[in-house]
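Novice: Make a model of this:
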Amino acid sequence: MKLIDAHCHLEMKDFPVTAEVIERARAAGVVHAVVVGLLQKPGDFGNALNAAKAHPDFLTPTIGVHPHDAAAATPADWDELARLAALPEVKAVGETGLDYFYDHSPREAQALGFRRQCQLARQVKKPIIIHVRDAHDECAAILESEGMHEGMIHCFTGDLAAARRYLDLGFYLSISGVVTYKKTEPLQEAVKFAPLARLMVETDSPYLSPIPYRGKWPNEPMRVAETAKKVAELHGRDADEVALTCARNTATLLGLKLDL
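Specialist: Have a look, this model is predicted:
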């Protein structure tokens, strides 16, 4: 099985030794991972770029301001984000978007930060990585109004109607371990509906460990295989085939030159 973890976080507080995480992932069939860099506090975008620089054959970075932190970002942070997003090794902007479940930032600040990163993605000609929770209609409306048609809805947990709208916009759906949980029938229906050519699999580590690891912290890229197996089950396809297709989709979106 060849796998790409389409979205993970590898901050030092959760994974002090990145090389050990990568070694375990490789043993599980993971050939590459997309490591997401986010504003941690004013002036600090975390470990993603350093980790990817140390392991360029395995990690590809993105950079963004999460909706939780949209209100905390300073003008200097937005300037630094623009600088980092233009680096050739950074393959996407985000994750950005809307989170109306936690509302850690006021919704107006989330929307402004989201639009700002849509505009940045267009400026640097890179895809955008979207986080959305309890805000699918609002998120899709912003993507439409900003003319966004290239990116992924990371950790997609919406229903069939949300999936259809994002797919119609041209986005990929990245599926996390949530799809393996009980009582996620609307999500599973959406995954069945989505063409395999538009799906990816991710861990969102250190969060959302899939069954049979649910509740075990931290989640790791090596566990993305469990999500790929569930997507394969829902589509009635071979797990190796689904894993490879999802890996190729991720590589295509981000322009990764991998032997897949």
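
Novice: Could you pull out the buried residues of stretch 155-174?
Specialist: For stretch 155-174, burial by neighbour count (16 or more other CB atoms under 10 Å) applies to 155-158, 162-163, 165-167, 169, 171-174. Just so you know, the C-beta spots here come from the backbone N, C-alpha and C atoms, and that holds for glycine as well.

Novice: What's the local residue count around residue 192?
Specialist: By the criterion of other CB atoms under 10 Å, residue 192 has 14 neighbours.

Novice: for the residue lying closest to residue 126 once chain neighbours are set aside, what are its contacts?
Specialist: Among residues not flanking residue 126 along the chain, residue 92 sits closest, at 5.3 Å (CB to CB, 6 or more residues apart in numbering). Shown here is residue 92, whose contacts under the criterion CB atoms under 8 Å, 6 or more residues apart in numbering are 34, 62, 121, 126-129, 151, 253-254.

Novice: again, only using 10 Å
Specialist: Residue 92 makes contacts with 7, 34, 36, 60-64, 85, 121, 124, 126-129, 150-152, 253-255, as judged by CB atoms under 10 Å, 6 or more residues apart in numbering.

Novice: Which single strand of this protein contains the most residues?
Specialist: Scanning the chain for the longest strand, with DSSP state E as the assignment, gives strand 30-38.

Novice: how about the helices of the stretch 51-200 of the chain, start to end?
Specialist: Under the criterion DSSP state H, counting those that start in this stretch, the stretch 51-200 of the chain contains helices at 75-85, 107-124, 136-145, 160-169, 185-193.

Novice: Can you point out the buried residues in the first one?
Specialist: Buried residues in helix 75-85, counted by 16+ other CB under 10 Å: 77-78, 80-82, 84-85.

Novice: now swap in the longest one and tell me
Specialist: Judged by neighbour count using 16+ other CB under 10 Å, the buried positions of helix 107-124 are 109-111, 113-118, 120-121.

Novice: Closest one to residue 259 out of these, please.
Specialist: residue 121 (27.6 Å; CB to CB).

Novice: closest to residue 183 among the buried residues of helix 107-124?
Specialist: For those, the residue nearest residue 183 by CB to CB is residue 110; the value is 27.6 Å.

Novice: pretty sure that closest one contacts residue 104?
Specialist: Yes: using CB atoms under 10 Å, residue 110 is in contact with residue 104, at 8.8 Å.
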